[in-house]
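Undergrad: here is my input; please provide its structure:
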Amino acid sequence: MRFHTRKWVKPEDLNPNGTLFGGKLLAWIDEELALYTIIQFENSKVVTKYMSEINFKSSAKQGDIIEIGIDVVRFGNTSITLECEVRNMMTRETIITIDKTVMVNLGEDGKPKAHGKTEIEFVKDRLE
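TA: Below you'll find the model as predicted:
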């Protein structure tokens, strides 16, 4: 799994228990999955269609640095299916796993559109 983004857990990210609010973490994950998909599809019009069971395994506290990892499960005709893991960067303890999130490529009309991709591409390879 490739870990793409790091986030620093700050006071405004905490729940009343003093740990990272799950909704904040899910927003960070959704944004990261969207950005990853936008880069893969080379299209800024993408949406989250489906997210499988979300498994919170541990929590993070103020001052922790977490990292968000993504792997491609499969490419569909108009979609990409991703898996995600968030872990504490210092301890490597897993905070959350999501086995399957489906992101859909959209056309100008807002409807699913074929993206023509079949494998992961890296921006550096597009520039060569």
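
Undergrad: what residue ranges in this protein score low on pLDDT?
TA: Applying pLDDT under 70 to the chain flags the ranges 126-128.

Undergrad: residue ranges of the helices in it, please?
TA: 22-41, 123-126 (DSSP state H).

Undergrad: what about the spatially closest residue to Val123 that is not a sequence neighbour, neighbour count?
TA: Nearest non-adjacent residue to Val123, counting by CB to CB, 6 or more residues apart in numbering: Ile39, 6.6 Å away. Backbone N, C-alpha and C define where each C-beta goes, glycine included. The local packing of Ile39 (other CB atoms under 10 Å) involves 15 other residues.

Undergrad: please renumber so the chain begins at 179
TA: Happy to do that; since the first residue is 179 now, the last one works out to Ile217.

Undergrad: was I right about Ile217 contacting Asp303?
TA: No - taking contacts as CB atoms under 8 Å, Ile217 lies outside contact range of Asp303: 11.9 Å.

Undergrad: ok, Ser257 - contacts?
TA: With contacts defined as CB atoms under 8 Å, 6 or more residues apart in numbering, Ser257 is in contact with Lys227, Val280, Met281, Val282, Asn283, Pro290.

Undergrad: which of those lies closest to Thr269?
TA: Set against Thr269, the nearest of the contacts of Ser257 by CB to CB is Met281 (29.2 Å).

Undergrad: Lys239 is in contact with Pro189, isn't it?
TA: No - the criterion here is CB under 8 Å, and Lys239 misses it with Pro189 at 10.6 Å.

Undergrad: these two: who's more crowded?
TA: Using other CB under 10 Å, the more surrounded residue of Lys239 and Pro189 is Lys239, with 13 against 8.

Undergrad: so what's the more buried one bridging to?
TA: For Lys239, the beta-bridge partners are Thr197 (DSSP bridges).

Undergrad: tell me how far it lies from Phe181.
TA: To Phe181, Lys239 is 20 Å away according to CB to CB, to the nearest Å.

Undergrad: please apply the same query to Ala205.
TA: Distance of Ala205 to Phe181, given as CB to CB: 18 Å.

Undergrad: go on, Ile246?
TA: To Phe181, Ile246 is 7 Å away according to CB to CB.
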